[in-house]
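> any chance you can model this:
(chains A and B)
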Amino acid sequence: MRRWLLWVPFGAFALLFAVVASGLFRPADRTVRSTLVDKPLPAFKLGAVVPNKPGLASGDFGHGQARLLNVFASWCVPCMAEAPQLMRLKAMGVPIDAIAIRDTGPAVQGFLKRFGDPYARIGNDRVSRVQLSLGSSGVPETFLIDGRGRIVRQYVGDIQPDQVAGIAAAVKAAQ
Amino acid sequence: MIAEAGLAALWFAAALAGLQILLAVLGVRRGDAIGDQARDGIRAVAIVQGALALLAMALLIALFLRSDMSVRLVAENSHSAKPWLYKFAGAWGNHEGSMLLWVTILGVAGAAVARFERVLDGRTLVATLGAQAGIALGFYAFLLFSSNPFDRIPAAIDGMGLNPLLQDPGLAFHPPTLYAGYVGLSVAFSFAVGALVTRDVGPAFARAMRPWVLGAWVFLTLGITAGSYWAYYELGWGGWWFWDPVENASLMPWLAATALLHSVNVLAARDGLRAWTVMLAVVAFSMSMLGTFLVRSGILTSVHAFAVDPKRGAFILALLALYIGGALALFAGRIGTVKAGTVFAPVSREGGLVVNNLLLSVILGVVLIGTLYPIVAAAFGVQLSVGPPFFNKAAGPIALAMVVVMAVGPLLRWRRDDGRALPRRMAVPAGVAAAVLVALLVLAPIGVLPLLGLALAAGLAVASVMPLGGRNLRRTPLPIWGMVVAHLGLAVSLAGMACDSAFTAERLAAVRPGETVTVGPWRVTLDGIAPVVGENWSALQARLTARTGNSVRVLRPQSRFFATPPTVTSESAILTRWNGQLYTVLGQPDGSGRWQVRLWWKPFVTLIWAGGGMIALGGLLALVGRWWRTRRQRRAWN
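Got it, this is the predicted structure:
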């Protein structure tokens, strides 16, 4: 057998390695996009989950003011990690509404007491029906709704500290 | 304290693996007193290293059983209200725990080689143990630096629970089975590297490697069979194989191990196929490493991929480059110095095994290309996925060609055979296959692949038992029985697959309570829907009454809701009869009082897994037979 043939497997592996490594380090966009981005918010109407705060309906959006819609749950650990970022956004003047997924009043109240309350309204989505119609696949997720009531952006997962400034700017731009 | 003890055990094990490599280098390089001491000491080090890894795993299981929520891994993957079996299995139902399980099996396997291996030349064994420690050290580093299972968290909240899809007794024991297979292949790899290092590729090395390959292959076969049945009844889509990247990740090492199993026999018995056997040992372990990488890196999208983390992917990729690249470079540099083995005629048992090996390699190539193609395409900015249409069309015909070779191969003689006598020996199986083909063409209009599948399955079944003809059955060696049972098992599996794709009847209906739908020979009535509560879930459960002939049976498929984490799963209800399975799934209500119900009648589908079990049993028989023989020989010598 010719000696160089023995290096063919090694060469094939090196090629495979290069392909896989390039795939691994390519800055890929791995987020799950809602197919509803750039579409109007689907119609929904949710009751209140805590006594001192109104529920949430699709009609609350689109009055010339861009708003964030945060999908969260009191049992969700990343939502706890996300809470300080939402509080900072609120302090920067960004209006935020929320949908609580598969939750109960007392649990949500406890959550808000412990981690702060950045929300203007909270809708109670007992069976995730509205969450699914939004094309959201988990908690937390945050949607940016523009002044005409259209979904502009979707942030999957908990908002990181370094995202806060960008989100605040995006809300301003979507007015 | 338990978590800290576990971490300490891991660090000690890693240090011992480092020492083991050092001793191996000394033992191979030096012929003086230091070399002797290194060779004497390495076995003990390997055994203690394995024991420490086992201790770490045992401590992690203890943490899960005690629901110690101050350990991050337990908090993220367990829950105090979980049934104990799933707390136990939860220890490896996650990224860190499963990697610890992997390295534990690796360490224990290394210890077993050190304790029991007596056939191999001393220096080759030392080199093998060194290679095994090298693999282990890489994985210890991976655990300690990027996937620490014993990490603590400050706040103690109740746990988040195990993915409900994984809360199933079958799946609790699926990963350990597959890992035992992967790790068995790592031992084979270490033997190959050891033999290359000492230029000792020959029958003795093949005989030392063979039980590990056989064992790994048995576990992989069981793991794949069980995984396929799990996907079939748990995911609720009625299929048994989806060519999902993660399924492929377990199939590729199996294909390579199957080829290796056959070529290692040629090397052990006839001293042929030396370079090819070494190559396959490297490829088989490469495939299990590649599988680990694909599953762990998040580079491919799959329902199974559970640790989506490019950093971890980079770590495994580096290990992959080190081990596989290193082994292939060693192969290219050294194999030229290995003498050619015994030559054989093209028409011979060896020749048949070579053809079988080539066909298996081609199937492996097809699966590999199909699995990696999306990554290559993504490098050029194209998003796509490769699914069943490609794999079935590309791999199906080659697999059928392989079935023909499987039927012919065992009827060939070693060294050389008379090409003219072969048609006479093949007359009966070929006749049976032709008869089935004609009967099906007349009786049932089915697709080409299922048609050929059924005909070839019948032919293979007959050909498989023919090697027993003319033998004294009570004195036939167990490895021969193993081959017969395994080949027969493949025929049985193939028949099941062909029946499933040819004769399955499917029905999707929206029904009100009291209404009846028919599927195949069954009339199924929805009696009603009622809520039920389980240990950590609640569910809506349908009561279906299925009638055929005089038989009446009740099925209860569920739509199950788990609170932590909130997930809805479909629990199919399956009625198994001798001639097939009635498979029922409860879907969503449509809002007007009707419920979606999905029904399949799958004639003889169970043959798929029965055949898988037979294939594994065949491997087990061969393993036991070989073990028995070495034991008897050793007794005779002493």
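
> which strand or helix spans the residue of chain B positioned farthest from its centre?
The outermost residue of chain B, judged by C-alpha distance from the chain's mean C-alpha position using C-alpha atoms, centre = their mean, is B:Ser592 at 45.4 Å. Assigned by DSSP states H and E, B:Ser592 belongs to neither a helix nor a strand.

> again, but for B:Val246
Under the criterion of DSSP H and E, B:Val246 resides in helix B:245-270.

> how far is that helix from where the chain is centred?
Shown here is helix B:245-270, whose average C-alpha point lies 11 Å from the average C-alpha point of the whole chain (C-alpha atoms, centre = their mean, to the nearest Å).

> give me the phi and psi angles of the residue farthest from the centre of chain B.
Main-chain dihedrals, B:Ser592, degrees, to the nearest 10: phi -110, psi 30.

> near chain B, which residues of chain A?
Within chain A, the positions lying close to chain B (C-beta under 8 Å from any C-beta of the partner chain) are A:1, A:3, A:6-7, A:9-10, A:13-14, A:16-17, A:19-26, A:28, A:30, A:73, A:75, A:77, A:101-102, A:128. The C-beta positions use only the backbone N, C-alpha and C, and glycine is treated the same way.

> the same query, at a cut-off of 7 Å, please.
Residues of chain A found near chain B, taking C-beta under 7 Å from any C-beta of the partner chain as the criterion, are A:3, A:6-7, A:9-10, A:13, A:17, A:19-24, A:75, A:77, A:102.

> take these and, keeping just the buried ones, write it as a PyMOL select command.
Those of the residues of chain A next to chain B that meet the burial criterion (16 or more other C-beta atoms under 10 Å in any protein chain shown) are gathered into one PyMOL selection, given here:
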select buried, chain A and resi 6+9+10+13+20+21+23+24+75+77+102
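
> ok, back up a step: just the C-alphas of the next helix-or-strand element following the helix holding B:Val246, formatted as CSV.
Downstream of helix B:245-270, the next assigned helix or strand under DSSP H and E is helix B:274-297. Presented in CSV, the C-alpha positions along helix B:274-297 are these (Å, rounded to 0.1, in the frame of the first residue of the first chain):
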residue,chain,number,x,y,z
ARG,B,274,-4.6,-6.2,10.7
ALA,B,275,-4.6,-2.6,9.6
TRP,B,276,-8.3,-2.6,8.9
THR,B,277,-9.1,-3.8,12.5
VAL,B,278,-7.0,-1.1,14.1
MET,B,279,-8.6,1.5,11.8
LEU,B,280,-12.1,0.3,12.8
ALA,B,281,-11.2,0.4,16.5
VAL,B,282,-10.2,4.1,16.0
VAL,B,283,-13.2,4.9,13.9
ALA,B,284,-15.7,3.2,16.4
PHE,B,285,-14.5,5.2,19.3
SER,B,286,-14.3,8.4,17.1
MET,B,287,-18.0,7.9,16.4
SER,B,288,-18.9,7.6,20.0
MET,B,289,-16.8,10.8,20.8
LEU,B,290,-18.4,12.6,17.8
GLY,B,291,-21.9,11.5,19.1
THR,B,292,-21.0,13.0,22.5
PHE,B,293,-19.8,16.2,20.8
LEU,B,294,-22.9,16.6,18.6
VAL,B,295,-25.3,16.0,21.6
ARG,B,296,-23.4,18.3,24.0
SER,B,297,-22.3,21.2,21.9
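
> just how off-centre is helix B:274-297 within its chain?
How far helix B:274-297 lies from its chain's middle: 13 Å, per C-alpha atoms, centre = their mean.

> mind listing the helices for chain A?
If DSSP state H is used as the criterion, the helices of chain A fall at A:8-25, A:77-91, A:105-115, A:129-133, A:164-173.

> which among those is found nearest to B:Gln596?
When the helices of chain A are ranked by proximity to B:Gln596, the top entry is helix A:129-133, at 16.1 Å, counting by C-beta to C-beta.

> mind listing what's buried in that closest one?
A:Val130, A:Gln131.

> show me what that helix is packed against.
Secondary structure elements in contact with helix A:129-133, counted by 3 or more C-beta pairs under 7 Å, 6 or more residues apart in numbering or on different chains; DSSP states H and E, are strand A:96-101.

> how many neighbours does B:Phe205 have?
Burial measure for B:Phe205: 29 neighbouring residues, criterion other C-beta atoms under 10 Å in any protein chain shown.

> check contacts around it.
Applying C-beta atoms under 7 Å, 6 or more residues apart in numbering or on different chains, we find B:Phe205 in contact with B:Leu120, B:Thr124, B:Phe191, B:Ala195.

> isn't there a helix covering the first one?
It refers to B:Leu120. No: assignment of B:Leu120 by DSSP: H, G, I helix; E, B strand; the rest coil gives coil, placing it outside any helix.

> and it, how many neighbours?
What B:Leu120 shows, counting by other C-beta under 10 Å, is a neighbour count of 22.

> how about it, phi and psi?
When quoted as degrees, to the nearest 10, the phi and psi of B:Leu120 stand at phi -80, psi 150.

> roughly how far apart are B:Gly580 and B:Ala461?
Here the distance between B:Gly580 and B:Ala461 works out to 19 Å (C-beta to C-beta, to the nearest Å).

> which of those two has more residues huddled nearby?
For B:Gly580 versus B:Ala461, the count of surrounding residues by other C-beta under 10 Å is larger for B:Gly580: 24 against 21.

> who is that one paired with across the strands?
B:Arg577, B:Pro603 (DSSP bridges).

> now do the contacts for residue 172.
Unless you meant another one, I'm taking chain A. Applying C-beta under 7 Å, 6+ apart, we find A:Lys172 in contact with no residue.

> ah, I was thinking of chain B
For B:Ala172, the contacting residues are B:Leu85, B:Tyr86, B:Ala89, taking C-beta under 7 Å, 6+ apart as the criterion.

> please report the distance of it from B:Pro83.
Noted for B:Ala172: a distance of 10 Å to B:Pro83, by C-beta to C-beta.

> next: B:Ala33.
Using C-beta to C-beta, which is the criterion applied here, B:Ala33 is 58 Å from B:Pro83.

> compare the two and say which is more crowded by neighbours.
Under the criterion of other C-beta under 10 Å, the comparison of B:Ala33 against B:Pro83 puts B:Pro83 first, with 13 against 8.

> and the pLDDT for the more buried one?
In this prediction, B:Pro83 carries a pLDDT score of 77.
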